[in-house]
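S.K.: what follows is a predicted structure for the sequence shown.
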Amino acid sequence: MNVRDWISLTNIALAVFFLYFLNAFYTFYVMFNPESCQPSKDTCLAPYVGPQDRLELHVYVSKKNSVGTSISDMKEILSRNLLASESFSTPVNVSLPLSTRRNGSLFAHILVAKVGQLNIRNQQYTSYRVVPLTQWTVRKAATISLLSADSNKTTGNGSKQDVRSDLPVSHWRPKLTMHIMATHMSFSATKGYPGELRDHIRFTNDYKYLPVVYVDELSIMMRHLQPIDLDSQEMPLEIRYSPISIGMLRMWVSMHNSLHTLKGLGFSDHDVDEVKGIFVDTNLYFLALTFIVSAFHLLFDFLAFKNDISFWKKRENMAGLSSRTVAWRCFSQVVIFLYLLDERTSLLVTIPAGIAMLIEVWKVRKAFKIQLQWSGVVPRLKLGDMSDVEKETEKLDTEAMKYLLYILYPIVALGAVYSLVYMQYRSWYSWIVHTLVNGVYAFGFIFMLPQLFLNHKLKSVAHLPWKVFMYKAFNTFIDDVFAFIITMPTSHRLACFRDDIVFVVFLYQRWLYPVDMSRANEFGVSYDDDKLNTGKKKGKKQD
């Protein structure tokens, strides 16, 4: 086979995908298995604390965030002696100063040292970390009952909102999760220590490193934050400690830096919070599964996009394809995109939905042969003429949709009235979008049924873009996994499982109606003829 036959966008994408996979696995292996120092060959940077040395851990709170804050400006909330390999969790109540309750800040000062060597002023043998216990963020958007005379807005917890919802206010972080690196290994003074430890490692005068303390901020989600009011005299804080390996420590630090980069690119705290949700309270095996699933999801998304564009670009007519299904998909994607924007859903979900919407709009133009004509300065849309085969398809399509709409319209209307009377929304626009999207999510599969009906009547599936269907089928099953990982509206989550049923029926029809290789397709070319012509061309080249 000629080398040029192998050069295609699909093969290039597959090659890049597997190279990326190999590089990622190599990176993870090096991250969890760093090179240890050989004392006979190099000067080593050894740990100052041995595995059996007891440590004293102290946690203070202060309005100041500078290292070495005077003890008079801090209040101790925890004191404990432990081994680095131990774990514990303890709840405490923290008294809030007036400045913090007036939209101020509060910080936790964490000090770790060998028993009897703790010194706040002289920190030569003390590991010192300062982390915020408060965070400024906008309150959850308020809602109102559109039919009620009471226009007072309520927040997500049901309390009256007496402040502007667009101004950030101080919120409390109810968890403080700490780790100490329990991997006792020496680093080469020549090659240095891993770069991820740069902001977490400190050395004594004799080049031994102190206990590496890491505070896990990935576990703090936006939904965990509690608003601080003037009457919030005390707030609960759960202090957790557990040891951590050098591999996990490096991975968490790398992830934290990556999330910080996302914020620098314009992603909001809410968007970054969705990424955090993938990694919170998960073990290493689940993280590896998430990584593999994410990589395959990205690959199938690209291949489905590429083949979908190619199929519709070559398509000259709608013979065997449901034009109403194409129009419904376009309408559905527009409604879903507006709904995700109104719900302020993560960009991880919103951006793919926006791209899908643009593709569906382009398909509608191709399906209905829409042309833009100008009558002076007034634009006019003109629909193209249909062939006899397309008219026959349109007739079957109309028959399939006739009875489905009798069921859809009354149920959507009843659902709209119910939600208007018993539920709260931010505005009338929000109610309209929610009503439409509930109809799309709940009965969207109904508008995929006409294509199944056409396949049944024509006893054929040769007219369908099967590469696109297969890639989307794989992605649908992957979406089922992500539906439990990424935070999203419940309606959007249920829609992921709805599509599984339709794809299973499509696969059954694929088995039931095998493709006739001698039958001409919509371009007037059969598979056998195309194969014969290809063989003749190769024979001429060899001659």
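M.R.: That came in fine, so what should we check first?
S.K.: how about low-confidence regions in the stretch 301-450 of the chain?
M.R.: For the stretch 301-450 of the chain, applying pLDDT under 70 flags the ranges 317-322, 345-348, 376-377, 383-387, 389-391, 393, 396-397, 399-401, 403-404, 441-450.
S.K.: how about the strands in it?
M.R.: 371-375, 378-382 (DSSP state E, counting those that start in this stretch).
S.K.: hmm, who's touching the last one?
M.R.: Looking back up the chat, that one is strand 378-382. By Cβ atoms under 8 Å, 6 or more residues apart in numbering, the residues outside strand 378-382 that reach it are 370-374. All C-beta spots, glycine's among them, are computed from the backbone N, C-alpha and C.
S.K.: please tabulate those in CSV, including the columns neighbour count and distance to residue 381.
M.R.: Shown next, in CSV, are the contacts of strand 378-382 (neighbours: other Cβ atoms under 10 Å; distance: Cβ to Cβ, whole Å):
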residue, neighbour count, distance to residue 381
370, 12, 6
371, 11, 7
372, 9, 6
373, 9, 8
374, 8, 11
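S.K.: closest to residue 300 among those residues?
M.R.: Taking Cβ to Cβ as the measure, residue 300 lies nearest residue 370 of the contacts of strand 378-382, at 29.8 Å.
S.K.: all helices for the stretch 101-250 of the chain, in order.
M.R.: 246-264 (DSSP state H, counting those that start in this stretch).
S.K.: specify which member of the contacts of strand 378-382 is nearest to residue 398.
M.R.: residue 370 (19.6 Å).
S.K.: wait, doesn't that closest one sit right on residue 363?
M.R.: No. Counting by Cβ atoms under 8 Å, residue 363 is not a contact partner of residue 370; they are 10.9 Å apart.
S.K.: rebuild the strands of the stretch 301-450 of the chain as a markdown table, extending it with distance to residue 301.
M.R.: Converted to a markdown table, the strands of the stretch 301-450 of the chain look like this (distance: least, Cβ to Cβ, whole Å):
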| stretch | distance to residue 301 |
| --- | --- |
| strand 371-375 | 30 |
| strand 378-382 | 31 |
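S.K.: and those strands: which comes nearest residue 184?
M.R.: strand 371-375 (71.2 Å).
S.K.: contacts for that closest one?
M.R.: Here strand 371-375 has contacts from 379-382, 384, using Cβ under 8 Å, 6+ apart.
S.K.: ranking by neighbours, what's the top pick from the residues you listed?
M.R.: Comparing the contacts of strand 371-375 on neighbour count, residue 384 comes out first with 13 neighbours (neighbours: other Cβ atoms under 10 Å).
S.K.: for residue 115, list the residues it contacts.
M.R.: So residue 115 contacts 53-56, 81 (Cβ under 8 Å, 6+ apart).
S.K.: which one (most neighbours) among these?
M.R.: Neighbour count (other Cβ under 10 Å) singles out residue 55 as the most crowded of these, with 20 neighbours.
S.K.: give me the distance between that residue and residue 305.
M.R.: Distance from residue 55 to residue 305, counting by Cβ to Cβ, to the nearest Å: 53 Å.
S.K.: present the contacts of strand 378-382 as JSON lines; the columns should include distance to residue 315.
M.R.: Output for the contacts of strand 378-382, formatted as JSON lines (distance: Cβ to Cβ, whole Å):
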{"residue": "370", "distance to residue 315": "14"}
{"residue": "371", "distance to residue 315": "16"}
{"residue": "372", "distance to residue 315": "20"}
{"residue": "373", "distance to residue 315": "22"}
{"residue": "374", "distance to residue 315": "26"}
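S.K.: ok so, going back, between the contacts of strand 371-375, which sits nearest residue 300?
M.R.: For the contacts of strand 371-375, the nearest to residue 300 is residue 384 (32.6 Å; Cβ to Cβ).
S.K.: residues contacting residue 20?
M.R.: residue 295.
S.K.: nearest spatial neighbour of residue 52, skipping sequence neighbours?
M.R.: Distance criterion Cβ to Cβ, 6 or more residues apart in numbering; nearest residue to residue 52, sequence neighbours excluded, is residue 83 at 7.3 Å.
S.K.: around the residue lying closest to residue 189 once chain neighbours are set aside, how many other residues sit close by?
M.R.: Leaving aside its chain neighbours, residue 189 sits nearest to residue 43 (4.0 Å; criterion: Cβ to Cβ, 6+ apart). By other Cβ under 10 Å, the residues close to residue 43 number 12.
S.K.: quick one, phi/psi of residue 43?
M.R.: phi -80, psi 130 (degrees, to the nearest 10).
S.K.: test my guess that it contacts residue 190.
M.R.: Yes. Residue 43 lies in contact with residue 190 (Cβ under 8 Å); the separation is 7.2 Å.
S.K.: give me the low-pLDDT residue ranges for the stretch 151-300 of the chain?
M.R.: 151-166, 265-266, 274, 277-284, 287.
S.K.: burial measure for residue 106, as a count.
M.R.: With other Cβ under 10 Å as criterion, residue 106 counts 24.
S.K.: quick one, what contacts it?
M.R.: Contacts of residue 106 (Cβ under 8 Å, 6+ apart): 61-63, 94, 96-97, 100, 132-134.
S.K.: which strands and helices lie in contact with the longest strand seen in the chain?
M.R.: Scanning the chain for the strand with the most residues, using DSSP state E, yields strand 234-244. Applying 3 or more Cβ pairs under 8 Å, 6 or more residues apart in numbering; DSSP states H and E, one finds that strand 234-244 makes contact with strand 75-82, strand 88-95, strand 175-181.
S.K.: most tightly surrounded among those?
M.R.: strand 175-181 (a mean of 21; mean count of other Cβ atoms under 10 Å).
S.K.: ok, that strand: who's next to it in the sheet?
M.R.: Within its sheet, and counting by DSSP bridges, strand 175-181 is paired with strand 213-215 (antiparallel), strand 234-244 (parallel).
S.K.: go through those strands and pick out the most buried.
M.R.: By mean count of other Cβ under 10 Å, these have strand 213-215 as the most buried, with a mean of 20.
S.K.: neighbours of residue 435, how many?
M.R.: Neighbours of residue 435 using other Cβ under 10 Å come to 20.
S.K.: my guess is it contacts residue 423. True?
M.R.: No. If you go by Cβ under 8 Å, residue 435 and residue 423 don't touch, sitting 10.3 Å apart.
S.K.: which residues touch residue 97?
M.R.: Taking Cβ under 8 Å, 6+ apart, we find residue 97 in contact with 63, 104, 106.
S.K.: okay if I get the residues you listed as TSV plus pLDDT and distance to residue 258?
M.R.: Formatted as TSV, these follow (pLDDT from 0 to 100; distance: Cβ to Cβ, whole Å):
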residue	pLDDT	distance to residue 258
63	91	31
104	90	30
106	94	27
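S.K.: which one of the helices and strands packed on strand 234-244 lies closest to residue 350?
M.R.: That would be strand 175-181 among those, by Cβ to Cβ, at 28.2 Å.
S.K.: what pLDDT does the closest residue in space to residue 125 that isn't next to it in sequence get?
M.R.: Of all residues not flanking residue 125 in the chain, residue 117 sits nearest, at 4.6 Å (Cβ to Cβ, 6+ apart). Looking at residue 117, its pLDDT stands at 86.
S.K.: got it, and residue 56?
M.R.: Value listed for residue 56 in the pLDDT field: 93.
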